[in-house]
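Visitor: Got a predicted structure plus its sequence, pasted below:
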Amino acid sequence: MVRASSILTVFLLAAGAVRAQSSPPADQAGEVRMLLERVQQLEKRVTELEARQASPQAATISAANEPSTQQLPAHQAAQAPAAAGPGPGQHQHETQEQQAATVQQMETHYPSLQIRGFGDVDFSATDQKGIPSGFNLGQLDLHLASALSHKVTYFGEITFNAQPTGYTVEVERNIIRYDYNDYFKLSFGRYHTPVGYWNTAFHHGAWLQTTISRPDMVRFGGTFIPVHFVGFLAEGNIPSGGAGLSYNVGVGNGRGSIISRPGDAGDINNNRAWVANVYSRPRALYGLQLGASVYRDKITLAGRDFREWISGAHIVWTKESPEFLAEFANVNHRAVLTDLSTNSQAFYVQLGYRLPWFERTVKPYYRFEYTHTPLSEQVFTNQDLVGSTLGVRYDITNYAAFKTEYRNFRRGIGEPRVNGWFAQTDFTF
């Protein structure tokens, strides 16, 4: 006759074995809830079996119906003693310890740290005077993610950047987020500013993006759009049926005294910047996204104050056959003292197509980009750019790629055009 505790042990060990053999689901917390509900159901069945075993007739029937080891096939007979519960020399408390260990394995442990890495090695050769050519170690990028509770998570991004005199370490993102539900998620820290599409879709790992370089308007270290933002951000879905609307709204420190950097250590003019982004992913057109963004700040340079207003729009089609990305931004600066106002514009259009041959590992692409700043602009230095990029991406594996590009561009009015060939191998691990 099988004891009730032995039956519970069998069910718990079976549930643990199934969980161990299955691949981890996308939502681990949901799996844990399902397993715990299963344990409760099994405990209820054990209680019912104990009540039945209290009757001698029920115990006799149970013993008569239980298959003996001799009736089982050879491979099942060898496993039968292990599944039959504690043997003559096994104590009850050992079985209880096994049950506790199995339940502990099914529980989610906090914090739960996961690390993902990206890297790249680059080569460049141009006809631009004063610009060295050759190999470049590129960037080592680490993504750190940890669940702190069922609704609180942490994310960090750290980069190691090769420089002529050594390496620089940068905290690119440092975020703690509370997920109330799909409609409201609140986070604090350092972000990639949700202006446009590229800046939040593709981060520092070059493997994530199709091309070697980012568009000039959102390049790291650039000034046209503030790449980073320090403050708090609310985001989530908007109930909209098939329109698939979502939003980002944030308040934080604006640009620092070096306008290519945010106010990591505080706002230099005690004036908070704010940003808002609304986009749609229509359910009927999977892969399509349309959005609009606004950003407002006050900039202080050499004792002079400027009001900054950035507005942008984007439309993308992320299916890779074809891929289409287009983004536009207008940056308005108004001097507080003189009320002089200027407008600078930038846009890019990128096309790519993953070919059906070679197991869909080859993806040619082309990008045209344009940036214009007026001569009266007082915040930006001359950022005029007209350029084209033609390249091919070849996915060596699912986690590594080789890219090669030809670029032709001109910076500034009257400047000569520059031709360059670039190559990169990038990977994730």
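Guide: Alright, I've got the coordinates.
Visitor: For the chain, just list every one of the helices.
Guide: 4-21, 28-53, 56-65, 74-83, 92-106, 198-201 (DSSP state H).
Visitor: Contacts for the last one, please.
Guide: Think helix 198-201. Contact with helix 198-201 is made by 192, 193, 194, 209, 214, 215, 218, 225, 227, 316, 325, 327, as judged by C-beta atoms under 8 Å, 6 or more residues apart in numbering. For the C-beta atoms, the positions are set from N, CA and C on the backbone; glycine is no exception.
Visitor: Mind checking the pLDDT average for that helix?
Guide: The average pLDDT for helix 198-201 rounds to 96.
Visitor: now the contacts of helix 198-201 in CSV, with distance to residue 346?
Guide: Formatted as CSV, these follow (distance: C-beta to C-beta, whole Å):
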residue, distance to residue 346
192, 17
193, 15
194, 17
209, 18
214, 12
215, 8
218, 9
225, 8
227, 14
316, 16
325, 14
327, 9
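Visitor: Which one (most neighbours) among those?
Guide: Neighbour counts for the contacts of helix 198-201 peak at residue 215, which has 29 neighbours (criterion: other C-beta atoms under 10 Å).
Visitor: Show the pLDDT at residue 170.
Guide: Looking at residue 170, its pLDDT reads 95.
Visitor: what's around it, how many residues?
Guide: 15.
Visitor: so who does the closest residue to it other than its chain neighbours touch?
Guide: In space, and not counting its chain neighbours, residue 170 is closest to residue 159: 5.0 Å by C-beta to C-beta, 6 or more residues apart in numbering. Contacts of residue 159 were listed using C-beta under 8 Å, 6+ apart, and they are 139, 140, 141, 142, 169, 170, 172, 204.
Visitor: the domain parsing of the chain - what is it?
Guide: Taking automatic domain parsing as the reference, the chain has its domains at 4-106, 113-428.
Visitor: looking at those, which has the lowest confidence?
Guide: domain 4-106 (a mean of 49).
Visitor: The closest residue in space to residue 118 that isn't next to it in sequence: how many residues sit nearby?
Guide: Excluding its sequence neighbours, the residue lying closest to residue 118 (C-beta to C-beta, 6+ apart) is residue 205, at 2.9 Å. By the criterion of other C-beta under 10 Å, residue 205 has 22 neighbours.
Visitor: Wait, residue 205 touches residue 426, no?
Guide: Yes. At 7.5 Å, residue 205 and residue 426 qualify as touching, with contact defined as C-beta atoms under 8 Å.
Visitor: Which neighbours do those two have in common?
Guide: Counting by C-beta under 8 Å, 6+ apart, the residues touching both residue 205 and residue 426 are residue 118.
Visitor: give the contact list for residue 307.
Guide: The neighbourhood of residue 307, defined by C-beta under 8 Å, 6+ apart, consists of 297, 298, 299, 333, 334, 336.
Visitor: let me redo that: residue 298
Guide: With contacts taken as C-beta under 8 Å, 6+ apart, residue 298 has the following neighbours: 254, 269, 271, 273, 305, 306, 307, 308, 336.
Visitor: Buried among these? Make that a ChimeraX selection.
Guide: ChimeraX command restricting the contacts of residue 298 to the buried ones, with burial defined by 16 or more other C-beta atoms under 10 Å:
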select :254,273,306,307,308
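Visitor: Show me what residue 192 is bridged to.
Guide: Beta bridges link residue 192 to residue 228, judged by DSSP bridges.
Visitor: Drop anything exposed from the contacts of residue 159.
Guide: Here, 16+ other C-beta under 10 Å leaves 139, 140, 141, 142, 172, 204 buried among the contacts of residue 159.
Visitor: didn't the fourth one look like it was pressed against residue 155?
Guide: So the one you mean is residue 142. No. With contact defined as C-beta under 8 Å, residue 142 does not count as touching residue 155 (11.4 Å).
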